[in-house]
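Enquirer: With the input below, show me the fold.
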Amino acid sequence: MYPKRPFLKVFLISLLLIYLSNCASNKTKPVTDFEQHFRQGMEYFNKKKWDKAIEHFTLVVINSPGGELADDAQFYIAECYFKRNEYLLAASEYQQLINRYAYSEYVEEAFYKIALSQYKSSPRYQLDQEYSLYALQSFQDFIDTYPQSRFGADAEQKIVEIRSKLARKLFESGKLYRKLQEWKAAIIYFDKVLEIYYDTEWAEKARLEKAYCLIRQRNFDQYDLLFKEILARSSPQTDPNAIEHLRISYRKELRKIEREQRKRAD
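Expert: Next comes the predicted model:
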């Protein structure tokens, strides 16, 4: 007996229809309820579930780039990365907000947070200070753009901190050359501190170290001028032992020269 082909054909067609129906039902449905996704994103954000929050905020931004919640979602994507200490990614997302949604109420804070992200990416003073320089410029640009900002005081304080760190890096380099008795190289670094970071606490230390190098170079004319400046700028915080050390070193070097001159005369 041969199978009844009409029934087999109907059976196969039925299977095909069921398969196609399942495929259609499994397709990703377009995102339409953006408010719901934003609310879910905020719920995850408040629970510190950053990955889940980013997922929902991203759905809003991608599927409704011109919607009312798009800039909010973009801001909170950046905030998630910032809270997760991924500062370079955060800075990139804040910049996306500024570029795409110049009208947004979050632009001012995003501008500030870019500088803050660069500041937090900056390592200790011994290492490369590329991000310190970026942050310094970004904070200054922020203050110039938003002089009345509620973030202004913190931006100004961060500028002071960054300048102090950059000054210390130069100062420590000069001090290293001074220990190696490379007086000329040491003075170059101390002069950079005095020229660029004159308003930091490292400027006073740089003057003292430079004065000592001038003594060892026997450049007494410049030393006399600098020592007078040191005394004129002295404050209650000035280390009196450091000043006395300069006086003693100066007298020692003069006596050494006198001995050398007597030997040559004999």
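
Enquirer: correct me, but residue 83 touches residue 49?
Expert: No: using Cβ atoms under 8 Å, residue 83 is not in contact with residue 49, being 10.7 Å away. No exception for glycine: its C-beta is placed from N, CA and C like everyone else's.

Enquirer: same for the one helix or strand residue 110 maps to, what does it pack against?
Expert: Using DSSP states H and E, residue 110 sits in helix 107-121. When contacts are defined as 3 or more Cβ pairs under 8 Å, 6 or more residues apart in numbering; DSSP states H and E, helix 107-121 packs onto helix 70-83, helix 87-100, helix 130-145, helix 152-179.

Enquirer: That one versus helix 152-179: what angle between them?
Expert: 20 degrees (axes from the mean of the first three to the mean of the last three Cα atoms, to 10 degrees).

Enquirer: Name the surrounding residues that touch helix 107-121.
Expert: 75, 78, 82, 85, 87-88, 90-91, 94-95, 97-98, 101, 104, 131-132, 134-135, 138-139, 141-142, 145-146, 149, 151, 155, 158, 162 (Cβ atoms under 8 Å, 6 or more residues apart in numbering).

Enquirer: Pull out the buried members of the residues you listed.
Expert: Neighbour-count burial (16 or more other Cβ atoms under 10 Å) applied to those gives 75, 78, 82, 87, 90-91, 94-95, 97-98, 101, 104, 131-132, 134-135, 138-139, 142, 146, 149, 151, 155, 158, 162.

Enquirer: got the buried residues for stretch 194-214?
Expert: For stretch 194-214, by 16+ other Cβ under 10 Å, it's 194, 197, 200, 202-214.

Enquirer: Out of those residues, which comes closest to residue 124?
Expert: Within those, the smallest distance to residue 124 is 15.3 Å, found for residue 202 (Cβ to Cβ).

Enquirer: what does the model give the nearest residue to that closest one once chain neighbours are set aside for pLDDT?
Expert: By the measure of Cβ to Cβ, 6 or more residues apart in numbering, the closest residue to residue 202 outside its immediate chain neighbours is residue 167, 4.0 Å from it. At residue 167, the pLDDT value in this model is 97.

Enquirer: The one 4 residues further on too?
Expert: Each residue has a pLDDT score; the one for residue 171 is 97.

Enquirer: Likewise for residue 247?
Expert: 89.
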